[in-house]
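Asks: Take a look and give me a structure for this.
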Amino acid sequence: ADAAAVAGARDAAEAKDSEYTTGSLDATGLFAVACMMNHSCDPNKKTLYPSDGRGPAVARLVALRDCEAGEEVCHAYVDTDRDVDWRRQELWNSYGFLCVCPRCVHE
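Replies: Here you go, the predicted structure:
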């Protein structure tokens, strides 16, 4: 990716991060593998962040269904219980892309 695209993505992510609250959690983490996964409105994994508060933070990737060998592992960037128009608008506003995943194309 070119430097301008990377800078734009970083600025958008920082702006979006400022909108979130962490409730009782007083920490931030960067999980290199999890943060590089692409989006799908029909994800094949979810990410859990189990912690007992004493050890290091971990991101646990959990399969939502059986996956084929070589299948891309994707997670949802938005609420997949919402309708296709809402999801597409939210993805456009927050991440700058129009979702053309199989679910959105079908719906």
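Asks: mind listing what the closest residue to L48 other than its chain neighbours touches?
Replies: Using C-beta to C-beta, 6 or more residues apart in numbering and skipping the chain neighbours, the partner closest in space to L48 is R60 (4.5 Å). Using the backbone N, CA and C atoms, a C-beta is placed for each residue, glycine as well. Applying C-beta atoms under 8 Å, 6 or more residues apart in numbering, we find R60 in contact with 47-50.
Asks: just C104 next, same as before
Replies: Contacts of C104 by C-beta under 8 Å, 6+ apart are 41, 84, 87-88.
Asks: now the residues you listed in a markdown table, with neighbour count, pLDDT and distance to R54?
Replies: Output for the contacts of C104, formatted as a markdown table (neighbours: other C-beta atoms under 10 Å; pLDDT from 0 to 100; distance: C-beta to C-beta, whole Å):
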| residue | neighbour count | pLDDT | distance to R54 |
| --- | --- | --- | --- |
| C41 | 23 | 97 | 36 |
| V84 | 15 | 97 | 42 |
| R87 | 23 | 96 | 37 |
| R88 | 20 | 97 | 41 |
